[in-house]
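*Asks:* Got a sequence here, can you model it:
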Amino acid sequence: MAVSLQTRVLYGLKTDIANNAHYITDAEVLYPVGNAIAIHNILQRQQKLIRLPERYYDANGMCVSPNKKFVAISDIGDKPTISIYDITSLKRRKLLGIPFDAPGVTSFTCISFTFDSKNLVAITSEPDQTMLFYNWEKGKVESTFKLANPQNPLAIADVLSCNPTDATVVAVGGAYTFKFLIVSETVWRPYGFAKAENLLVCSMAWLDGDRLMVGTQDGRMLYLENGDLKNVYRMIDTVTMNLKIREEYVMPIVTGSQVTLGIGEDFVWQQNVRCLIAFPRGFAYAYGGGTIILFEKEGKHKYTKRNVYVIPQRMVKDDDPNLYKIHTINVNPSFDRLIVTTGWSQLYYATLWGPDLQMDPEPQKMEIMGQPLHHGPISGLSMCAWKPVFMTCGEFDHSVRLWDFETESLIMLKQYEEDIFSVALHPMGLFCLIGFTDKLRFMSILIDNLLPMHEIAIRNCKTVRFSHNGHLFAAVNVNVIQVYTTISFHNPFIFKGHTGKVKTLLWSQTDLKILSMGTEGSIYEWDMTTGTRSSEFFWKTFVLHDIALSSDASFIYLIAQDDHIREIKENEIVREFQLPGKEMQQIIMGKDDLTLFITSPSGIIISLKSPLQTPIESMDFHMHCVDITEIAISYNENYLISVAKDGSLCIWKLYFPEGKMKLSRDLPYTDEVLIGKSDLKEKIHSIQNLTVRLRELETEHAYRLRQIDVQHNDKLREVHQGYCEAIKELVDKIDTDREDHKNEMNNINISIVRMKASHEEAMQQMENNYEAKLITEYDKYQAFEERTNAMRENFEKQLKDLEKRDAEQLQTTVAKYEAMLYEKKTQLEETFDEMMHKERVHEHLMRQVEDDADREILEIRTKYENLLYEEKQISLKLKGEAGVMRNKFMASQRDVDDLKRQVNRVQGEYTQFHKHIQDLEKQIMDLKKEIIERDATIRNKEEQIYDMKRTNQELEKFKFVLNFKIDELRNQMQPKDQEIQELKNSIRNMQEELMSLQKTNEKLERQLYEEREKLKTARREKDREIHKNTRSQQQLRKIRVEIFEVSELVQEPNALKTAVINLYHKYSADDEILRSRKADIDAQCEFIKQKDQLEKIIASLKKQMFQEDTSIGDKELRLTEENSMLTVELNALRQELKQTRERNLYMENLLGLTKKDVRPAEARKILEQAFHEHQELQEKYMKQIHEYQQVISALKENIRQLLSKIPCEEKEEKTLS
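*Replies:* Got it, this is the predicted structure:
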């Protein structure tokens, strides 16, 4: 199996993708690199990769959902698609395409998520631009809108911004294009400002749900509110923006007649207001080369210019101003950092809300995010043996960089003003070779610098290599190879022979040979002991690409322009291996021939199983998106480094298959560095100065702390004295307040007694006055009642006359208006179209009025809430004061309440009389209003007649639709009735199956009863055998005792003879012993016979089984295949049964057919319960049977042991006798 690769980190940035950098969290940044999307954690230095499709993926746009969970990427092709990936799982969730034929459309110009992250808006490219509104979770297009402008072929929509609060509102802009779009029932309609004949829009950002900022290519910014243009600002001289103040030069741009933008005029991108982004505290945009301007929000409508940020200058081979063109600006979730991308392959960031322009008027330089990366192709790569470092050089950026592949960080960056062609790192990691335009320089690697030590007159050296032991190095000078020593820089050998340029140079593991390959097709092997050419190989058929040398220098792998790998041994091709359909560019082999890697176009790395065998086992790893320039393996063969033409750098981790590990793979690395003596003295001197300064600061800090402690102690003493004095004053004041309180209470009691007496006198006088007033009021009420009766009779007569007159007028008006109704119908049909148009205008106006009303309601609400809050505070204060007064007058208030009750009773009677008078007056007014309402009812009748006719027509249409739906539902019900009948039959079958299961349960119970009876008999036999065993044991013990007594008479033969005879007569006469002995002998004979017979049967069966093995194997194979097919069919039938049961339940519940019969759910529940009980019962019975069988087997084993002991004891008796 080939060696596997896993990506540790992938550095780089694709600058040809729009919106190519986004914050996911405050620490994680998402950006495209190579053939993947990287999610890089800057703080933890960890990276996750979303791998794009294996082959080259030409992406042109990217956007992240507002909830930071999904990223969408659009590609370029004949059928462009949008891929949506889950940022958490790193997998593709959905692939979206264009659902209709779009000839000539090869890409999407812009894409954006709506604020709720549920929909995606995309605009296709020319010639027929269309906006597509996707519901991406369902993968379908919900609505479309044609954006192409046939009147102006230069109009292109390439800017899109979704409303941050409303998913149905979208703003679209571009060259000579700007529109507000709103969707209603899948129909998009433009609204608001749309005069874009002279606008070149290049960026947009919503400040909130109503306000939009638009940046143009001529350095202006448009402010639109609720779809209307409010202001236009020239951003080159704008410092403060008050959105409520209308500028004077807005009108020429709105009218379009007097415009400042010439049609067809070209604007350089330095004047563009690009990459506009808004956030709660302000907004930022790009203006000019590498410049970002930040405006801070001051109030609801005011914005002030706060900071200016610039991209730091960098050195490059061709100074292109487009490298400083800002492509993306994005803000982190905390709104305190901006991430910026430009034409450089590098991420930059700016920290917001620092010193403003008033404190520091100079522009602030942005900082590099992460590691400083190469820009352009990486032309050189070299690996170290003693340290975990490697060195790279850039073709365009004139830099040499030293990297650590274990920490995945940059150690040193050295910039030069001249071109760099190659680098070579010494195995110790303390020296290096760098090929410049004029010379090849040997340099020592210091702690933070590269110090030149020797120069060799080789111009434009593109290939240079140190030997494996580091004592020699070889450099290529066009077609000549020069070998030098690293100590004295002596040139012992100069190898000539190539007619073309030397393309590849390899040292053998022992440094005794050098292998070189030229562009003319020759491969030479040079002997380092004699300085001569030891072998040569020519291949003119194909252009040679690269070679690899084995560890023992016995063979060479060669790759050429075709798809073959050739093994060369002793100047001849001995074997060829083919990788069909794969073009190979570079090849590299490990020092023990266990690893072999080949690079292919479009950034593919192929890992091959080494040594090569036919067929070749390989694995492809695609992470770069362009051709790989160099590839290198670490000395311990744990890491692989690959660099590409776009400046991307990838560090891979190697994972070997089992059984291919090396002994030297865990070789420890060194961490020593070189430093100059003067630098060391300077650093030691600075450390000493800093330590002295630190001690001085410590003593100064301790002295200040002591002074602060003394001051605080004095203050604490003063505060303590003040508190003691205040406590004494408060105690004296409490005593005086208590005495004053007693005096006040006495005075209040006296005043209460006086007030009671005065209140009683006043009550008596009021009663006398109210009795006189009631008598007079009663007389007035009787007179008023007589007048009202007379008025009522008069008004009743007038009402009867009015009713007659109204009936006559109604008949005449009905006839008149029926004649006029026909004329009005024609007029209504003519005005209907006009009404529809006015209705749409009215809806738009109503929406604006509602928005204004909502805004005014909110302002009024906040105003009155503040007033209410102030009033509540005042009322709370007054309640507190009232509480104090209430305690003082509580006793007197009771008496006042009694008096008020009596007054209220009298006033209530008065108010009743007054209300009665008002009711009579209201009746008079109502009668007058009825006369007015009668006239209004006539007009309402006419309107009702018209409305009734319209509703009648609509009801007839609705009736026709309902009849059609009823017919459809009836047609649908017939097959469903048949399905219900079939499902009922299946339920009956299940019930029959349930009955059969119950019968099987009864059968199992009978079997259990039989097994229990067997167990009882076995237990009785066991007890009988145990009793028999104990009795025989006792007898045996008795025999042993008597034999022991007889053994004492060994010295007396006569007595011994008589004792043995007596013993024999005593026990041999026992019939039971004789019978048991005879039975045991018969049993042993029978056992021997059965054993012989069984051995013969086993031998014959083995012979028969051996003969039938071949036929049984075929049968078993056929049976297993049939079994697998039957299980698949059984699973399908079970799934179908489950679906039919669910559908049956749904249909019966839907149609209400479950009233008489048993419900399917209940039947299923009963069936499941029966199955469950049957299964439990079966398991229970099987468990009991198993236990009983174990008991029986244990009893049989005991019986067998007892039987085996009896013959042993008989043998002992024989030996003793």
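*Asks:* Tell me which stretches of the stretch 201-350 of the chain form helices.
*Replies:* 251-255 (DSSP state H, counting those that start in this stretch).
*Asks:* whoops, I mixed them up, the chain
*Replies:* 251-255, 677-888, 890-1047, 1053-1068, 1071-1151, 1160-1216 (DSSP state H).
*Asks:* Relative to residue 125, which of these is closest?
*Replies:* helix 251-255 (28.2 Å; C-beta to C-beta). For every residue, glycine as well, the C-beta is placed using N, CA and C.
*Asks:* Could I get the average pLDDT for that closest one?
*Replies:* The average pLDDT within helix 251-255 is 40.
*Asks:* now stretch 350-366
*Replies:* The average pLDDT within stretch 350-366 is 87.
*Asks:* From start to finish, how long is that stretch in a straight line?
*Replies:* Start-to-end span of stretch 350-366 (C-alpha to C-alpha, to the nearest Å) is 5 Å.
*Asks:* What lies in contact with that stretch?
*Replies:* 281, 291-292, 294, 296, 305-312, 335-338, 340, 348-349, 367 (C-beta atoms under 8 Å, 6 or more residues apart in numbering).
*Asks:* Out of these, which end up buried?
*Replies:* 281, 291-292, 294, 296, 305-311, 337-338, 340, 348-349 (16 or more other C-beta atoms under 10 Å).
*Asks:* Quickly, which of the helices of the chain bottoms out on average pLDDT?
*Replies:* Minimum mean pLDDT among these: helix 251-255, a mean of 40.
*Asks:* Could you list the low-pLDDT ranges of the stretch 1-150 of the chain?
*Replies:* Judged by pLDDT under 70, the stretch 1-150 of the chain has its weakly predicted residues at 54-57.
*Asks:* What are the boundaries of the strands in it?
*Replies:* For the stretch 1-150 of the chain, applying DSSP state E, counting those that start in this stretch gives strands covering 4-11, 22-23, 28-33, 36-41, 46-51, 59-64, 70-75, 81-86, 91-97, 108-113, 119-124, 130-135, 140-146.
*Asks:* Include distance to residue 734 and mean neighbour count when you put these into a markdown table, please.
*Replies:* Shown next, in a markdown table, are the strands of the stretch 1-150 of the chain (distance: least, C-beta to C-beta, whole Å; neighbours: other C-beta atoms under 10 Å):
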| stretch | distance to residue 734 | mean neighbour count |
| --- | --- | --- |
| strand 4-11 | 77 | 18 |
| strand 22-23 | 64 | 22 |
| strand 28-33 | 65 | 24 |
| strand 36-41 | 66 | 22 |
| strand 46-51 | 69 | 18 |
| strand 59-64 | 70 | 22 |
| strand 70-75 | 71 | 22 |
| strand 81-86 | 73 | 19 |
| strand 91-97 | 76 | 15 |
| strand 108-113 | 71 | 23 |
| strand 119-124 | 73 | 24 |
| strand 130-135 | 76 | 20 |
| strand 140-146 | 79 | 15 |
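*Asks:* can you redo these as TSV with distance to residue 808?
*Replies:* Putting the strands of the stretch 1-150 of the chain into TSV (distance: least, C-beta to C-beta, whole Å) gives the following:
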stretch	distance to residue 808
strand 4-11	97
strand 22-23	82
strand 28-33	85
strand 36-41	87
strand 46-51	87
strand 59-64	76
strand 70-75	76
strand 81-86	76
strand 91-97	74
strand 108-113	71
strand 119-124	65
strand 130-135	63
strand 140-146	60
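*Asks:* closest to residue 190 out of those?
*Replies:* Shortest distance between residue 190 and these, using C-beta to C-beta, is found for strand 140-146: 8.8 Å.
*Asks:* Does anything pack onto the closest one? Which helices or strands?
*Replies:* For strand 140-146, the elements it packs on are strand 130-135, strand 187-191, judged by 3 or more C-beta pairs under 8 Å, 6 or more residues apart in numbering; DSSP states H and E.
*Asks:* Out of those, which gets nearest to residue 477?
*Replies:* Nearest of these (C-beta to C-beta): strand 130-135, 59.9 Å.
*Asks:* For the closest one, what is the distance to the chain centroid?
*Replies:* 23 Å (C-alpha atoms, centre = their mean, to the nearest Å).
*Asks:* partner strands of it, parallel or antiparallel?
*Replies:* Strand 130-135 has the following sheet partners, assigned by DSSP bridges: strand 119-124 (antiparallel), strand 140-146 (antiparallel).
*Asks:* got a list of contacts for the last one?
*Replies:* To tie it back to what came earlier, the one meant is strand 140-146. With contacts defined as C-beta under 8 Å, 6+ apart, strand 140-146 is touched by 99, 119, 128-135, 181, 183, 186-188.
*Asks:* Tell me the one among these nearest to residue 1027.
*Replies:* Nearest to residue 1027 among the contacts of strand 140-146, counting by C-beta to C-beta, is residue 135 at 87.6 Å.
*Asks:* residues in contact with that closest one?
*Replies:* Taking C-beta under 8 Å, 6+ apart as the criterion, residue 135 is in contact with 118, 119, 141, 142.
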